[in-house]
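In: Next comes the sequence, and after it the predicted model I'd like to discuss.
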Amino acid sequence: MKKLFIASLAVLFVTALMTQPAAAGVGVKGGLAMPKLAFSASMGAPALTTLKTPMGGIYFGLGLGLFSIQPEILYVRMGARMESAPDWMEDRLDYIQVPLLLKVNVLPGPISPTVYGGPYGSYLVAAKGVSYISGVTGSTDIKNQVKSTDYGVTFGGGIDFKLGVKLSAEVRYNLGLANIEKNPSAGQWVKNRCLMVLVGVGF
């Protein structure tokens, strides 16, 4: 009975989507990423702060009434910063990230609040450890210490403004699920976390 109920809900959901008028679009978005690294308890809790880095990319939208499907291609920097003024060190992990979002228009109209969520996958394109210690700046390639792929879920909300062109403002959170450490010890893991603030223009 439980399986039949779930299957019935799924059929109703798909039917609702199929009976809605579809509207496709494309746009660009950019903003500020504030990443941080999370560590397993066995690795302790380093005194890290968030990085603050620009990010951006393109998105595609398929609107189906109250719902829309929105894949994106983003360039985003993950990592973390450790500092003891005036010295500091940063791990800078640059990814091409591809989220696939299900978006819900809470109140359809020219100004529409939205909520969304979905999975993402990322490919590492560069990884560097950068430091400023005792007046000397250093940079080391650490790509051999980090796995080439990452995945997780992202969720958030925002507001869409349909004023000729489509403008949007949103806040989202990335919860990394993969252990990005290439050769971890037993029971140890490092995972990406990131808060993002974005604005977009759609066409």
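Out: Yes, it's here.

In: which residue sits closest to residue 47, ignoring its sequence neighbours?
Out: By the measure of Cβ to Cβ, 6 or more residues apart in numbering, the closest residue to residue 47 outside its immediate chain neighbours is residue 82, 6.4 Å from it. Heads up, the C-betas are built off the backbone N, CA and C, glycines and all.

In: just checking, what's the longest strand in the chain?
Out: Residue-count comparison of every strand in the chain, with assignments taken from DSSP state E, identifies strand 111-133 as the longest.

In: pLDDT (mean, whole number) over that one?
Out: pLDDT averaged over strand 111-133 equals 96, rounded to a whole number.

In: which is the next helix or strand following it?
Out: Scanning forward in sequence from strand 111-133, with DSSP states H and E defining helices and strands, the next element found is strand 136-141.

In: Okay, now the sheet partners of that following strand, with direction.
Out: Applying DSSP bridges to the sheet, strand 136-141 is found paired with strand 111-133 (antiparallel).

In: centre of the chain versus the strand it pairs with, how much separation?
Out: The chain centroid and the centroid of strand 111-133 are separated by 4 Å, computed with Cα atoms, centre = their mean, to the nearest Å.

In: Please provide the alpha-carbon coordinates for it, formatted as CSV.
Out: Output for strand 111-133, consisting of C-alpha atoms alone and laid out as CSV, is shown next (Å, rounded to 0.1, in the frame of the first residue of the first chain):
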residue,chain,number,x,y,z
ILE,A,111,8.0,39.3,-8.4
SER,A,112,8.2,35.6,-7.3
PRO,A,113,9.9,34.1,-4.2
THR,A,114,11.5,30.8,-5.1
VAL,A,115,13.1,27.8,-3.3
TYR,A,116,15.2,25.1,-4.9
GLY,A,117,17.5,22.2,-4.3
GLY,A,118,19.3,19.4,-6.1
PRO,A,119,22.6,17.6,-6.6
TYR,A,120,25.8,18.9,-8.0
GLY,A,121,29.0,17.4,-9.4
SER,A,122,32.3,19.3,-9.7
TYR,A,123,35.6,18.8,-11.5
LEU,A,124,38.8,20.2,-10.0
VAL,A,125,40.8,22.4,-12.5
ALA,A,126,43.4,23.8,-10.1
ALA,A,127,44.5,23.5,-6.5
LYS,A,128,47.0,25.7,-4.8
GLY,A,129,48.2,26.4,-1.3
VAL,A,130,49.0,30.1,-1.0
SER,A,131,50.6,31.8,2.0
TYR,A,132,51.9,35.0,3.4
ILE,A,133,54.4,34.4,6.2
